[in-house]
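Q: Predicted model and sequence below, questions to follow.
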Amino acid sequence: MERPTGVTILGVLGYIGAGCLVLAALVMFLSGAIVANLTARPGFGMLAGIGGVILGVFFLAFAAFYVVTAVGLMKLQNWARILVIILCGVGVCFYALGVLSALFHLHPLLVLWRAIVLAIDLWVGLYLLKPHVKQAFGATGF
């Protein structure tokens, strides 16, 4: 069966997200090095350099995760579909709590932003559960 257009879009967005994370990692490596060279105290410079490296490696690890998931989606691997559904479910839970928190603290723009992200996560999760999408992945159950 042919890959659904929505799955292709999700895969491409995964590649774009990975590219952005690689750029963020490069910025962290570079900024850590720059701050390390500009500080007057050597101890703080070393901490800045180490912090930049740690964050850069963290971003690269997430970029690799995005690429693996995007490749799985593009090849119609059912494990990738299930992983994205689970991650969307976790996102829905956390963003629902974020919306409630923003409502409690009276931040209308934050409520709007979190509600939009919540709706996108919910839409993606429900889309991947549609019968024609499940059939494209060769899934019979979940």
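A: Great, that's in hand.
Q: pLDDT (mean, whole number) over stretch 43-63?
A: Average pLDDT, stretch 43-63: 90.
Q: Domain parsing of this structure, as residue ranges.
A: Following automatic domain parsing, one finds the domains of the chain at 1-75, 78-142.
Q: I'd like the ones you listed as a markdown table, with mean neighbour count appended.
A: C-beta coordinates here come from the backbone N, C-alpha and C atoms, glycine included. Putting the domains of the chain into a markdown table (neighbours: other Cβ atoms under 10 Å) gives the following:
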| stretch | mean neighbour count |
| --- | --- |
| domain 1-75 | 16 |
| domain 78-142 | 15 |
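Q: tell me the contacts of M28?
A: Contact partners of M28, counting by Cβ atoms under 8 Å, 6 or more residues apart in numbering, are G52, V53, L55, G56, F59.
Q: The last one: what secondary structure?
A: This means F59. helix (DSSP: H, G, I helix; E, B strand; the rest coil).
Q: any idea how far it lies from W123?
A: Distance, F59 to W123, by Cβ to Cβ, to the nearest Å: 26 Å.
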